[in-house]
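Enquirer: Build me a model:
(2 chains)
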Amino acid sequence: MSILEAKGVEYSYDNKKKVLKDISVEMEKGKIYAILGPSGCGKTTLLSLLGGLDSPSNGQILYQGKNIEKTGLADHRKKHVTFIFQSYNLIDYMTPIENVSLSTGLPPLPILEKLGLTKEEAHRNVLKLSGGQQQRVAIARALASEAPIILADEPTGNLDEDTAKEIFAILQESAHKSDKCVIVVTHSNELAKRADVILQLKRGSIQVLKNPVLESKTDDK
Amino acid sequence: MTFLKRAYLHTTRKRAKTVLMFFILLTISTLILICLAIQSATNTAALNIRKSLMGSLTINAKQIETQLTDSVVNQILDADGLTLNYNLRSYYQVEYRSTDGQPFNITTDGAMEIPAGYEHAGKIVGNTHSDWDTYFTEAGFELLEGRHIAEGDSNVIIIHEDFAVRNGLSVGDHLVLATVEKAIERQVDVEIIGIFSNTVPQDAYGMAPSYDLYENVSFSDNGTYSQLLFEDGAGHYQYGDFYVDDPAELDTVIANVKGLGGMDWDKCVFSKHDAEYQNAKTTLESLQRLVTTIIAVLIIVSAVLLTLILYLWIRNRVYETGVLLAMGFSKGNVIMQHFSEILMIAVIAFTLSFCTSTLMVQRVGDNLLQQASAKQVTVANLTEDRIETDTTNELVSITSIDVLVSPFHLLCVYAIGTGIILLSIFLASYPVMGMKPKDILAKMS
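Expert: Residues are numbered from 1 along each chain as shown, chains lettered A, B, ... in the order given. Sure thing, here's the model as predicted:
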């Protein structure tokens, strides 16, 4: 059963040109989804609608079959989803531990240590960490929240190739081992290929592609 | 994490902002506290002045044949708003004689004229209390020997030192007062109970008739006046000075008196004597207006200043706001964080302002008072024939007020300050909080 569903979703800015046209897609727990597409095709807009940051012009976003607009967007953001942003969006006057503590849930230090931060780094001001470390803190914050859905908007956009792969691997692990539904917006075809499902956005329409590599691996088994 | 914890972290970690806000709030609260303390002090001073500066009304009943009588005076004293202090006065000319009928000598040097028949005459001021007479209170007369005329005295007199020396008179001696008009021919034997002198030279020297010269003036009881001028000899008075409880209520008291029966009040002339109170009131009202204006301006300027600063700060924190909203914190929760941050600083600043304002308040109060002080005072000078109004350079004004900062003022500052902060936070947050979370996040990127 899908945990999150876009049903006939359309979106236009100021009722002019439609950025998203009749988008329908279902997402499940335990899978990582990559939203792929050229700049300005509506990737981030779709992610915002799925995360309850905005409302579609037409159609519905359903969480476990219920329209999130009816149950409350703020409630959806608080309980069901957690965000990871390209620019990390950590709160600059807090330490990594305090940033992670913003999300209710698990104790922060073990999560940070699991993501490769030392205890000393966990108590440092976030601005004194490297870009990769900051993104790890942002991911830790997302993981610490008990929300079943992680929405990541180009989380590796500011990182070098190796760190990007590491971060993506962490997200994959979150989906496969922690049974989260991870939705990642990315420009990178290479990273997208590692996702379980690729959602290709083109001129406002979506095409759902199952990962051929993973599919074949599944078939081999 | 609660908004209070986030607020605490922001306040303790963003020290430069915290220190800046602390000094802004300390300045605002100190100024407001000072103004509130001065306002309270002026209110208290105004109340004290109303109690201490005696206002009075004078009834001039010369035009009425019977003048003021004892029964009318008793009726007046029963009117609301009057104290039991009063002075009844009458002015008349008499001839001074010895007990064996020989006329006494008067001073004539400096007189404009010596009217025929007045060669041995002087002016007598009938009084209930001679020490309350304006000659003594304002014209510089001073008792040298003996005592003043008091209520209940009968057939007594106090005379000028010069007149006493000229005629070899002293306290305890008797003299005779006789009517100048020969047609009436009444005389009263009086005892000298006091001798006075003038410490200030006569203003109208060279302009006054002989009987009006200070040296020829004397003070007697009202009974003596009545015996000389009225056939029945009962109490008759030309003027009545009645003192009121509260000078601010003088008009009401006059209306109350005019409402009493038994007299044709339309023929009487009523005068108010509250120049000291009016002068002090003017000073205090100016100060009160000044302080109220300063408080209003302070509150408005503080609110505008705080709103501008907070608007800039909150706009710079749109990033943080977006993150918190994306994490499911409500807008109200984020606003409460901003409010708590400022309130945490404010509690310390407001409390400390009690000390800073206490150090400065007296000096600021004195400076403001100086600005608000009155110029010249009008003092009523009562003379025989009319009530003159002289403008003197004597200042009867408030020269200082005791200003104290009290815990109540501090409570007011907490209330006003919290109001200003709430308003400023609301106004400053409105543009950002009015946006959708997605728009805030779009701004961030």
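Enquirer: hey, let's count contacts and neighbours off CA atoms from now on
Expert: Fine.
Enquirer: Count the residues that sit near residue 114.
Expert: Defaulting to chain A. Using other Cα atoms under 10 Å in any protein chain shown as the criterion, A:Lys114 is surrounded by 12 other residues.
Enquirer: not what I meant, chain B
Expert: Residue crowding around B:Ile114 was assessed by other Cα under 10 Å; the count is 15.
Enquirer: next one: A:Pro38
Expert: A:Pro38 has 13 neighbours, counted by other Cα under 10 Å.
Enquirer: Which pLDDT does the model give it?
Expert: In this model, A:Pro38 is scored at 82, pLDDT.
Enquirer: wait, what's in contact with it?
Expert: A:Pro38 makes contact with A:187, A:201-202, according to Cα atoms under 8 Å, 6 or more residues apart in numbering or on different chains.
Enquirer: tell me, which of those make contact with chain B?
Expert: When Cα under 8 Å from any Cα of the partner chain is taken as the criterion, no member of these contacts chain B.
Enquirer: which residues touch the residue in chain A that chain B sits nearest to?
Expert: Per Cα to the nearest Cα, the residue of chain A with the smallest distance to chain B is A:Lys78, at 3.7 Å. Residues touching A:Lys78, when contacts are defined by Cα under 8 Å, 6+ apart, comprise A:147, B:326-329.
Enquirer: Enumerate every residue touching residue 143.
Expert: By default, I'm working from chain A. Under the contact definition (Cα under 8 Å, 6+ apart), the residues listed for A:Leu143 are A:111, A:174.
Enquirer: Chain B, not that one
Expert: B:194-197.
Enquirer: Next step: these restricted to strands.
Expert: Secondary-structure check on these using DSSP state E: residues within strands are B:194-197.
Enquirer: Name the nearest of the residues you listed relative to B:Thr107.
Expert: For B:Thr107, the closest of these turns out to be B:Ser197, at 13.8 Å, with distances computed as Cα to Cα.
Enquirer: The residue nearest to A:Ala175 when sequence neighbours are not counted: which element?
Expert: Nearest non-adjacent residue to A:Ala175, counting by Cα to Cα, 6 or more residues apart in numbering or on different chains: A:Gly30, 4.6 Å away. Counting by DSSP states H and E, A:Gly30 is held by no secondary-structure element, helix or strand.
Enquirer: quick one, phi psi at A:Gly30?
Expert: A:Gly30 has phi and psi values of phi 80, psi 10 when expressed as degrees, to the nearest 10.
Enquirer: same question, A:Leu115
Expert: Note on A:Leu115: backbone dihedrals following degrees, to the nearest 10 are phi -90, psi 10.
Enquirer: quick one: pLDDT of it?
Expert: Per the predicted model, pLDDT is 77 at A:Leu115.
Enquirer: pretty sure it is touching A:Gln135, no?
Expert: No. Applying Cα atoms under 8 Å as the test, A:Leu115 and A:Gln135 come out as separate, 10.0 Å apart.
Enquirer: Pick out whichever of these two has more residues nearby.
Expert: Counting neighbours by other Cα under 10 Å for A:Leu115 and for A:Gln135 shows that A:Gln135 has the greater number, 26 against 17.
Enquirer: That one and A:Asp153 touch, don't they?
Expert: No. Shown here, A:Gln135 and A:Asp153 do not form a contact pair, counting by Cα under 8 Å, at 11.8 Å.
Enquirer: where in chain B is pLDDT low?
Expert: Counting by pLDDT under 70, chain B has low-confidence residues at B:205, B:233, B:365, B:368-401, B:437-438, B:441-445.
Enquirer: who in it is up against chain A?
Expert: Within chain B, the positions lying close to chain A (Cα under 8 Å from any Cα) are B:1, B:9-10, B:13-14, B:319-320, B:323, B:325-330, B:436-438, B:445.
Enquirer: Show me the strands in the chain, by range?
Expert: With no chain named, the answer covers chain A. A:4-12, A:18-27, A:32-36, A:58-63, A:66-67, A:81-85, A:149-153, A:181-186, A:197-202, A:205-210.
Enquirer: oops, I was thinking of chain B
Expert: For chain B, applying DSSP E gives strands covering B:56-60, B:68-69, B:82-97, B:121-127, B:141-146, B:156-160, B:174-179, B:187-198, B:217-221, B:236-237, B:239-244, B:269-273, B:377-382, B:387-392.
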